[in-house]
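# Quick one, structure for this:
(chains A and B)
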Amino acid sequence: MVSNKTDQDLWDDDRLVSFLKEGDEAAFRTLVRRYKEKIYCIAFGITQDREESMDIVQEVFLKVYRHIHTFRKEAALSTWLHRMTVNQALNLKRKWKRRLKWHHQPIEKDQDGDYPELGTDEYSPASLYQEKELQKVFRERLAGLPEEARAVYVLKEVENLSYDEIAHTLNLKKGTVCSRLFYARKRLQASVQEYLAGDDTI
Amino acid sequence: MKNFENTCDSSLVDRFWDKELEPDEQDRVREHIKKCASCQKTLQGRQRVSGLFHAGLKAALSQTDLEGLEETILDLAQQRRTPWWMGLRALLISKRVLIPAAAMALILMVFFSVRKPPESLPAPSAVVISFAGESESDMIMYAPKTNMTIIWYKESS
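Prediction:
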């Protein structure tokens, strides 16, 4: 069944779920369009790997497609998606080596092409190099966080969820969320402190 | 809330930044941070780390074809919209069913090949109730192993 509605993007999540349960293709397209970037960001925050994150996004949506009839609206659709995404990302821990492959890539061999443009007033080569190095260290330290702390930190940063919402999504106590978030931030900040010490913004 | 005026607490700074404090606590911590260089440094450090996270995310997003990914997902979902009998066939040939079925078949084959067949007791080929006429000679043999009685005779010509 294809919906003849033209304003799918205006549907709220409850209505979207109703159409999804009817097998509405337009509703599924709307769902993917609405949530793909958020899900990708959560997946990338946890895995720090673009390819894996794309696989996770794909898998999450196909799971929704297959199991939408089991969704009971006890939680918000977004919470369900967040939970699935985090679980999917953490279940990939067996591929840990692949996830951290960039650990051993020297900065000179970075083929990502994500350097800022040289020669602008805003960036000098030295500060560019330092910023790039800082990014690299940060990614390493983020990937090195315990998964439980990383999941909490990523949900906070990407979705800006409240402690209660994160607790509900990950089935944790609010106090646990608070302590894991504090731990993650403290570890991350400490790990890049050497770079931040010389930073005038601190 | 403990006396935050005199003791700096990074976790409280975090909760302040996340707006997780009660309004009056929020105000008190804000006032403290204004005067406390240590807490200002903590807060600025948190902001810098958050900035690094989002910069990495932005870089990753700029290098990812999310539109292409959307099309791939929709194509895959479309492929999965199959009639029930196709789904059943797919299930039957799927690894989830095929592997256990093959394993069970193998177990059964091994079981029946190893298992010794029961010794079959030979049924009598004929039951001799009576014998009329003349015979030139006869011989009766009993084979106890197979529990067989063999009667051999030659009729008179």
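# number of nearby residues for B:Pro23?
8 (other CB atoms under 10 Å in any protein chain shown). (Each C-beta comes from the backbone N, C-alpha and C, glycine too.)
# and if you look at the one 10 residues further on?
Using other CB under 10 Å, B:Ile33 has 20 other residues around it.
# what residues are up against it?
For B:Ile33, the set of contacting residues under the criterion of CB atoms under 8 Å, 6 or more residues apart in numbering or on different chains consists of B:13, B:16, B:39-40, B:43.
# Validate this expectation: it resides in a helix.
Yes. Secondary structure of B:Ile33, determined by DSSP: H, G, I helix; E, B strand; the rest coil: located in a helix.
# From what I see, B:Leu66 and A:Tyr40 are in contact.
Yes. With contact defined as CB atoms under 8 Å, B:Leu66 reaches A:Tyr40; the gap is 6.4 Å.
# if you count what's nearby, which of those two comes out ahead?
A side-by-side neighbour count of B:Leu66 and A:Tyr40, using other CB under 10 Å, places A:Tyr40 first with 24 against 14.
# what about the more buried one, distance to A:Ala26?
Remark: distance between A:Tyr40 and A:Ala26 (CB to CB, to the nearest Å) = 22 Å.
# For the lengthiest helix in chain A, buried residues please.
In chain A, assigned by DSSP state H, the helix with the most residues is helix A:25-47. Neighbour counts over helix A:25-47 (16 or more other CB atoms under 10 Å in any protein chain shown) mark A:25-32, A:34-47 as buried.
# show me which of those residues neighbour chain B.
Near chain B, judged by CB under 8 Å from any CB of the partner chain, the entries from the buried residues of helix A:25-47 are A:25, A:28-29, A:32, A:36-37, A:40-41, A:44-45.
# Dump those into JSON lines; add pLDDT and distance to A:Arg141 as well.
Below are those laid out as JSON lines (pLDDT from 0 to 100; distance: CB to CB, whole Å):
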{"residue": "A:Glu25", "pLDDT": "86", "distance to A:Arg141": "43"}
{"residue": "A:Phe28", "pLDDT": "91", "distance to A:Arg141": "38"}
{"residue": "A:Arg29", "pLDDT": "91", "distance to A:Arg141": "38"}
{"residue": "A:Val32", "pLDDT": "93", "distance to A:Arg141": "32"}
{"residue": "A:Lys36", "pLDDT": "94", "distance to A:Arg141": "27"}
{"residue": "A:Glu37", "pLDDT": "94", "distance to A:Arg141": "25"}
{"residue": "A:Tyr40", "pLDDT": "96", "distance to A:Arg141": "22"}
{"residue": "A:Cys41", "pLDDT": "95", "distance to A:Arg141": "19"}
{"residue": "A:Phe44", "pLDDT": "94", "distance to A:Arg141": "16"}
{"residue": "A:Gly45", "pLDDT": "93", "distance to A:Arg141": "13"}
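# can I get those in TSV with distance to B:Ser50?
Compiled in TSV, those are given as follows (distance: CB to CB, whole Å):
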residue	distance to B:Ser50
A:Glu25	38
A:Phe28	33
A:Arg29	33
A:Val32	28
A:Lys36	23
A:Glu37	18
A:Tyr40	19
A:Cys41	14
A:Phe44	15
A:Gly45	12
